[in-house]
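Enquirer: Give me coordinates for this.
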Amino acid sequence: MDYIERVMELIAENLDVPVEDLSEDTDIANDLDVDSLDLVELAMAIEDEFEIELDDDVVPTLRTVQDLAEEVKRLVEAK
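Expert: Numbers count the residues shown, from 1 in each chain. Below you'll find the predicted structure:
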């Protein structure tokens, strides 16, 4: 599974941004102007999609799309 591609699709769907505007290096908070509510909603969508639970303390530390995809992959593979 390509975690980065699927995470980018979920970000595009939930934050209403074109997937073409996203890259591995996209800074979720700064480049996409995401507030805390957006981040919570995105985290919930990712949790539902991958059937994982993101740690509330870790989510704010995941700066880029790459960081988020790597955390998703780690949690999925740990199941």
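Enquirer: Counting neighbours, which bits of the helix or strand bottoming out on mean pLDDT in the chain end up buried?
Expert: Least confident helix or strand of the chain, by mean pLDDT, DSSP states H and E, is helix 28-31 with a mean of 92. Of all the residues in helix 28-31, those buried under the rule 16 or more other Cβ atoms under 10 Å are 28, 31. C-betas here are computed from N, CA, C, even on glycine.
Enquirer: With stretch 4-20 instead?
Expert: 4, 7-8, 10-12, 14-15, 17.
Enquirer: wait, isn't residue 46 in contact with residue 7?
Expert: Yes: counting by Cβ atoms under 8 Å, residue 46 does reach residue 7; the two are 6.9 Å apart.
Enquirer: what do the two both touch?
Expert: Counting by Cβ atoms under 8 Å, 6 or more residues apart in numbering, the common neighbours of residue 46 and residue 7 are 68, 72.
Enquirer: Leaving out the residues flanking it, which one is nearest to the most centrally placed residue in the chain?
Expert: The residue lying closest to the centre of the chain (Cα atoms, centre = their mean) is residue 68, at 4.7 Å. Nearest non-adjacent residue to residue 68, counting by Cβ to Cβ, 6 or more residues apart in numbering: residue 62, 4.6 Å away.
Enquirer: Cross-check the contact I'm expecting between the one you found and residue 28.
Expert: Yes: Residue 62 lies in contact with residue 28 (Cβ under 8 Å); the separation is 7.1 Å.
Enquirer: Which parts of the chain are helices?
Expert: For the chain, helices defined by DSSP state H occupy the ranges 3-15, 28-31, 36-50, 65-78.
Enquirer: residue contacts, the closest residue to residue 71 other than its chain neighbours?
Expert: Nearest residue to residue 71 in three dimensions, chain neighbours excluded: residue 62, at 5.7 Å (Cβ to Cβ, 6+ apart). Contact partners of residue 62, counting by Cβ under 8 Å, 6+ apart, are 28, 68, 71.
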